[in-house]
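> Mind looking at a prediction? Sequence and model below.
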Amino acid sequence: MSRGPQVGVYVCHCGGNISDVVDVEKVAAELAKHPDVKVEKSYAFMCSDPGQQLIIEDIRSEGIDRVVVAACSPALHEQTFRSALQRAGLNPYLYENVNIREQVSWVHKGNHESATAKAIRLTRAGVEKVSRQDPLEAIRVNAEPRVCVIGAGVAGMRAALAAAKRGLPVTLIDKADRVGGHLLELDVVYPTGEKAADLIDELEHEIAGEDRIELLLDADVEGVDGYVGSFTVQVAARGEGADRREIKAGALIVATGFSHYEPHAGEFGYGQDVVPEVLTLPQFNSLLRGDAGDYLRVGGRDVRNVALIHCVGSRQTPGVHEPQPDGKVNDYCSRVCCTAAFHTVNRLLDRFPAVQVYEVYKDVRTYGRGHDELYEQASKKGVLFFRYDDEGLPVVVDGKLRVRDWLTWGEEVEIPVDLVVLVTGMMPGDASKLIGSMKLPAGADRFLQEVHPKLRPVELANNGVMIAGTAQGPMDVLESCAAAEAAAGKAAILLSRGSIELDPFVARVRAEECDGCEKCLGECEYKDALTMRTRPEGGPKLAVVNAALCVGCGACVAVCPTRAIDLAGWSLDQFDAMVDALVAEVV
């Protein structure tokens with residue numbers, strides 16, 4: 001008679017995050033009653049080295065062949081515990097993570113008894129699931145030893161160079177006719193004060209001298225097919241009669257950058273024939289490249305008073321600000337704008353010390369190392385500060401800027417100005433073709449969204465796709481370069497072995513039960529993940545899964561009338577057993 005599953009259940013205190021609310025000893029004691037549970041324990045920190053060693057020793061000495069850890073989110077330590085199983089000689093997929101921190105203790109702090117009962121139900125469901133789990137093997141795919149970097153701004157250039165220095169061939173693509181991106185608009189960069197042109201020239205020279213880098217300019221990425229290790233990037237040269245080619249790459253780095261927020265007509269007087277003249281910060285920076293004198297001249301007039309209005313196109317409020325075409329306002333902070341404004345003001349006053357500058361702001365957020373110094377320098381040079389809120393937006397009219405100033409308890413102030421500069425925020429660059437063809441994840445702010453800001457900060461949910469620079473969100477040059485180096489490092493690690501291991505949680509078809517109805521094909525949103533094949537023996541066609549393209553979403557499972565499709569690691573039988581466990585009575 002074959003032995004049934006031998007499950008070890010481990011309940012984590014999480015240093016009080018869980019045990020202050022959930023009676024972890026009671027959870028362990030209740031699970032000990034389950035016929036498949038052989039070992040049950042609670043421990044202060046299961047993710048610690050001693051906690052992992054506890055599991056390893058029980059596998060080796062107690063014959064545990066499946067493991068359930070009731071702890072925090074699987075996003076944090078699922079791989080930690082799988083690795084522990086592997087070190088003990090057990091298949092790493094015979095593991096189930098039960099989240100009793102975020103899903104129990106953090107949301108039920110006021111009711112310890114109910115929280116404990118819920119933790120028992122969830123952990124019991126985890127035992128039922130893992131008891132029906134078969135050992136799985138990782139999917140292995142060959143890796144094309146090339147990185148394709150999309151976007152040749154400062155982040156794209158640094159990513160390409162970093163990947164090439166790690167021995168990888170790189171194709172660097174940009175739709176512009178030269179490298180540099182928005183860096184081309186700048187005179188100097190903060191906080192180093194380095195000339196932007198010198199930085200571009202240095203990177204351009206390095207790229208030209210690197211044999212491993214192929215540079216394609218004036219080129220559009222029309223779409224991407226394939227999967228991690230074997231992407232096909234369709235590239236078309238711009239213009240009529242454009243040549244098209246395909247690039248094979250094992251990994252992609254998306255560095256599509258940002259676009260400046262463009263104020264709508266009439267926003268703080270922008271785009272209208274008004275006095276004073278209204279410019280955006282990028283436009284104003286272009287003016288500062290001219291010769292110095294006592295005063296800056298704009299439109300043939302000396303500019304003696306300049307007002308900068310912060311948070312234009314950032315931190316917007318629905319119902320107050322005009323939405324973008326998608327109906328959303330930019331409610332996020334663009335992070336770099338305050339520091340960029342103070343950097344510009346200091347340059348202005350260094351060249352034109354007689355100019356009076358006014359800063360009209362919502363909050364000052366100079367978050368980076370050394371950024372506060374730019375704010376302090378501006379203050380010492382005589383810049384005057386006024387604070388507004390969304391209930392009293394500044395108004396530009398008749399040569400004056402009117403603002404209701406928080407710093408004087410709501411007093412309305414009129415500021416005489418010759419020029420108004422709108423400190424505009426960042427919006428994501430156009431990556432619509434990539435998002436459409438690859439279903440790349442974007443956040444509520446429309447920037448591409450990483451898997452986890454701490455654990456996987458430069459990786460997208462799409463395997464093999466990294467992000468660099470302002471494609472991910474507002475960043476300055478130093479941050480963009482750091483992200484680019486990280487993305488290149490991730491790509492190099494991924495492609496270093498010639499093949500790539502993928503999680504096996506994909507759809508699988510039982511051929512004897514498939515009737516060839518093709519309903520699964522109509523439901524699958526991932527190109528070529530599911531196809532139909534003629535059976536050699538005849539009869540109805542058979543659904544076939546491409547394991548490298550399947551993302552394990554389960555949409556095909558839901559529409560299969562014969563239950564011929566399951567997800568490896570998440571079978572229908574497992575779901576049935578989990579539901580039964582969740583609704584069973586807890587004593």
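That came in fine, so what should we check first?

> drop to CA atoms for contacts and neighbour counts, all remaining ones
OK.

> Can you show me the helices along the chain?
Along the chain, counting by DSSP state H, helices occupy 24-31, 49-62, 74-87, 112-131, 154-165, 196-208, 281-287, 337-351, 371-380, 432-438, 477-495, 519-523, 555-559, 572-583.

> end-to-end on stretch 498-515?
Stretch 498-515 has an end-to-end distance of 38 Å (CA to CA, to the nearest Å).

> And D187, its phi and psi?
The phi/psi pair for D187 (degrees, to the nearest 10) reads phi -90, psi -60.

> from memory it sits against G193, does it?
No. Using CA atoms under 8 Å, D187 makes no contact with G193, being 9.2 Å away.

> Using CSV, lay out the helices of the chain together with distance to P457 and mean pLDDT.
Output for those, formatted as CSV (distance: least, CA to CA, whole Å; pLDDT from 0 to 100):
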stretch, distance to P457, mean pLDDT
helix 24-31, 32, 97
helix 49-62, 24, 97
helix 74-87, 13, 94
helix 112-131, 29, 97
helix 154-165, 15, 98
helix 196-208, 25, 96
helix 281-287, 29, 92
helix 337-351, 22, 94
helix 371-380, 23, 94
helix 432-438, 19, 90
helix 477-495, 9, 96
helix 519-523, 31, 94
helix 555-559, 28, 95
helix 572-583, 32, 95
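
> Can you give me the domain boundaries for this protein?
What automatic domain parsing lists as the domains of the chain is 7-136, 147-257+429-500, 262-427, 507-568.

> Between these, which one is closest to A577.
Closest to A577 of the domains of the chain is domain 7-136 (CA to CA; 5.9 Å).

> Quick check: which of the helices of the chain is buried the most?
Most buried of the helices of the chain by mean neighbour count (mean count of other CA atoms under 10 Å) is helix 154-165; its value is a mean of 27.

> sorry, back to before: mind checking which of D187 and G193 has more residues around it?
Shown here are D187 and G193; by other CA atoms under 10 Å, D187 has more neighbours (16 against 10).

> which of the residues in stretch 262-277 are buried?
262-263, 267-270, 275-277 (16 or more other CA atoms under 10 Å).

> Name the member of those with the shortest distance to D211.
E262 (39.2 Å).

> what's the spacing between that closest one and A162?
Counting by CA to CA, the gap from E262 to A162 is 33 Å.

> Same check on F342?
From F342 to A162 the distance is 32 Å (CA to CA).

> With P276 instead?
47 Å.

> Kindly report the same for K439.
From K439 over to A162 (counting by CA to CA), the distance is 27 Å.

> Same check on H264?
In terms of CA to CA, H264 sits 39 Å off from A162.

> about what we covered before: can you say which two of the buried residues of stretch 262-277 are spatially most distant?
Most distant of the buried residues of stretch 262-277, by CA to CA, are E262 and V275, 19.7 Å apart.

> where does the stretch 351-500 of the chain dip in pLDDT?
Of all residues in the stretch 351-500 of the chain, none has pLDDT under 70.

> need the contact list for I139.
If you count contacts by CA atoms under 8 Å, 6 or more residues apart in numbering, I139 has them with 501-504, 547-548.

> OK, contacts around the closest residue to it other than its chain neighbours?
Counting by CA to CA, 6 or more residues apart in numbering, I139 lies nearest to L502, which is 4.9 Å off, once chain neighbours are set aside. Counting by CA under 8 Å, 6+ apart, L502 touches 138-141, 548.

> could those be laid out in CSV, adding pLDDT and distance to V233?
Shown next, in CSV, are the contacts of L502 (pLDDT from 0 to 100; distance: CA to CA, whole Å):
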residue, pLDDT, distance to V233
A138, 92, 26
I139, 91, 23
R140, 92, 22
V141, 92, 18
A548, 88, 17
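
> T408 and D198, how far apart?
Taken as CA to CA, the span from T408 to D198 is 45 Å.

> try L407
42 Å.

> cool, and T116?
Using CA to CA, we find T116 at a distance of 62 Å from D198.
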